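# sequence plus predicted model, see below.
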Amino acid sequence: MIGKSTLMEAIAGKNRGLLATDTQKQAIAVAIAQLEDRNPTPRSVEAGELLEGDWRLLYTTSKGLLGIDRFPFLKLGQIYQSIRVKTSSVYNIAEIYGLPYLEGIVSVAAKFEPLSERRVHVKFERSILGLQRFIGYQSPASFISQIETGDKFAAIDFGIDSREQQGWLDITYLDNDLRIGRGNEGSVFVLSKV
């Protein structure tokens, strides 16, 4: 029987999937699927108290996220997904590092709507790209507070046409400190609560 500790051991040291070999990716996929089969919260979308909060990405197969690390002089830092149940909001935040004093942030804000007991429809609304020091970035929570109060940033800050940029996410495993999701593009996400 495979549990959370087996999955954590499998993804440890893999830099969110960047350093995983094909064989390791297969073993991680098996560990994820076996854990999903034992989901303690089958009606994940309805478990707002568990969903609410800031989550740190531990592992993904998303080429879009992992591709950020492929740019010259840029290194992918922590990636967070923050869920605010009361406002049906989700915020994806990637910290970018490179040259000194040029630490950046790439963020996308979206709204979600339940489609079933484990699937949410996601409509992306706003993107913010900028230097952490110019936008006063300290943490995901403080940054989201600034967004929710309507602050505009000294950054590339623009609206997204939600008719074109949307998708869905299945929450396939959820407990007090671990969440696994599968997106409409076939990607898997493993996150831990911050």
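Thanks, I have it. Numbering: from 1, shown residues only.
# quick one: end-to-end length of stretch 12-29, please.
Start-to-end span of stretch 12-29 (CA to CA, to the nearest Å) is 14 Å.
# how about the strands in this structure?
With strands called from DSSP state E, the chain shows them at 53-60, 75-84, 89-97, 104-114, 119-131, 156-159, 166-174, 178-183, 188-193.
# ok, which of those comes nearest Leu35?
Closest of the strands of the chain to Leu35 is strand 166-174, at 5.6 Å (criterion: CB to CB). Heads up, the C-betas are built off the backbone N, CA and C, glycines and all.
# now for the closest one, which elements pack on it?
Packing partners of strand 166-174 (3 or more CB pairs under 8 Å, 6 or more residues apart in numbering; DSSP states H and E): helix 22-36, helix 48-51, strand 119-131, strand 178-183.
# where among these is the average confidence lowest?
When mean pLDDT is averaged over each of the helices and strands packed on strand 166-174, strand 119-131 scores lowest at a mean of 93.
# give me the contact list for that one.
Strand 119-131 is touched from outside by 45, 90, 102-115, 135, 147, 153-160, 162, 165-171, with contacts defined as CB atoms under 8 Å, 6 or more residues apart in numbering.
# do stretch 36-51 as well
With CB under 8 Å, 6+ apart as the contact definition, stretch 36-51 has outside contacts at 3, 83, 85, 114, 116-120, 171-176, 179-180.
# distance between the ends of it?
Terminal residues of stretch 36-51 are spaced 16 Å apart (CA to CA).
# now do stretch 68-76
This stretch, stretch 68-76, spans 6 Å end to end (CA to CA).
# now that stretch: mean pLDDT?
The average pLDDT for stretch 68-76 rounds to 74.
# can you name the residues bridging to the most centrally placed residue in the chain?
Nearest to the mean C-alpha position of the chain, by CA atoms, centre = their mean, lies Gln81 at 3.8 Å. Following DSSP bridges, Gln81 is listed with bridge partners Trp55, Asn92.
# can you pull the contacts of it?
With CB under 8 Å, 6+ apart, Gln81 has these contacts: 54-55, 57, 90-93, 189, 191.
# and which of the residues you listed is nearest Leu65?
The nearest member of the contacts of Gln81 to Leu65, counting by CB to CB, is Leu57 at 7.4 Å.
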